[in-house]
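Asker: starting from these lines, generate the structure:
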Amino acid sequence: MIQLTCKLLIFLFVIQGNITDLCDGMINNFPVLDTLLLINVNLSRIQPNAFQVVPRLRELSLAVNHIEDLVDGSFNNLDALETLYLSANKIKYIDGETFQNMKSLKHLHLDRNLINKLSPNCLRGSSLLSMLDLRHNLMEVVDGSTFPVIEPIFTDPVTIFLGNNYIKDVDPSVFTFKNPVNLHLERNNLNTVSTLFYGMREYSVLYLNKNQFNCLPDDVLENLKKTTKTIYLLDNPISCDCLKTIEKSFADELYGVEHLIYNSSFPCDMPVFLVP
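Answerer: Numbers count the residues shown, from 1 in each chain. Got it, this is the predicted structure:
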C-alpha cells in the first residue's frame, strides 16, 4: 500500500493518474494540508479511515472518478472539511451515515452522478451545510424517505440544486426548516407548486424554469402580492389565457410582480417580466 504523507504540504493536486483505491490510512500525516484534489485519477473506492491526521483540510475534490458507493466512515477524521466535491462520478448508493457529523461541512457537490435517493439521516449533525448540489442525477421524487434532513444552526439561506433530474413530486415538509431556501428545480417534470410554495420560509426563492407548468393557482398569484418569496417560472408551457390572468392580477401591483419572473414557451403576444 502506498501512503501519502508530508508535514509541510499546504496544497496537493493530482490531476489524472491511477489511484484506484483510498485504503485505510492512505492519506496520513498532513498536519497543515488545506486543499487536496484527486481529480480524474481512476478512483473507485474510499475505505473507512482513509484520511488520518489531516486536521486543517478544508477542501477535498474527488471529482471525475469512478466511485459507485460511499460507505460509513469514508470521510472520517475530516473535522475541518468545508467543501467536498464528488461531482461526475458513478455514485448510486450512499450509506445512511456517510456525511453525518461533518460539523464544518458547508458545500457538498454530488452533481452528475446516478443518485435516485439519499438517506434522511446522511447529513445529520452537518449543521453548517449551506449548499447541496444534486444536479444531473436520477431523482424522481423528493420526500422524507428520499432526501436528507438538513438542520442548519445559522439563519442565512440554504441553497439546494436539484435541476436536471426527473422530479415529478416534491413533499413540502422537506423544506420547512427555519431558513429561507434558494431551491433550484429547473429542468424537471413538475407541474404543481402550491404546497411547496406555502411550506417555504419568507425570503425563499423557488426556481421552476423549464418544467411543465401551464399556470399557477389563483391563491399562489394572490399570495405573491404580499410575500417576500420569489418564483422563477421561465420557459414553461404556460397557456396564453394564464398569461393574461397573471397580467391582470398584477396590473395595479408594484410589489408582487417583482416576485414572479415568468414567460411562456408558447408564442403568446405577451410581455416577459424580469427583475431589472
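Asker: what is the end-to-end distance of stretch 116-132?
Answerer: 15 Å (CA to CA, to the nearest Å).
Asker: start at 27 instead
Answerer: From this message on, residue numbering opens at 27, which makes the last subject stretch 142-158.
Asker: gap between it and the chain center?
Answerer: Computed by CA atoms, centre = their mean, to the nearest Å, the chain-centroid distance of stretch 142-158 equals 10 Å.
Asker: how about it: buried residues?
Answerer: Buried residues in stretch 142-158, counting neighbours by 16 or more other CB atoms under 10 Å, are found at 143-146, 148-150, 152-153, 155-158. C-beta coordinates here come from the backbone N, C-alpha and C atoms, glycine included.
Asker: nearest to residue 209, of those residues?
Answerer: residue 158 (10.4 Å; CB to CB).
Asker: next up, the contacts around the closest one.
Answerer: With contacts defined as CB atoms under 8 Å, 6 or more residues apart in numbering, residue 158 is in contact with 134, 136, 149, 174, 176, 184-187.
Asker: now secondary structure too, for these, in TSV please.
Answerer: Output for these, formatted as TSV (DSSP: H, G, I helix; E, B strand; the rest coil):
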residue	secondary structure
134	strand
136	coil
149	coil
174	coil
176	coil
184	strand
185	strand
186	strand
187	strand
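Asker: in JSON lines: these, plus pLDDT.
Answerer: Compiled in JSON lines, the contacts of residue 158 are given as follows (pLDDT from 0 to 100):
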{"residue": "134", "pLDDT": "98"}
{"residue": "136", "pLDDT": "98"}
{"residue": "149", "pLDDT": "90"}
{"residue": "174", "pLDDT": "88"}
{"residue": "176", "pLDDT": "89"}
{"residue": "184", "pLDDT": "97"}
{"residue": "185", "pLDDT": "98"}
{"residue": "186", "pLDDT": "97"}
{"residue": "187", "pLDDT": "98"}
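Asker: no further queries at this time; thank you.
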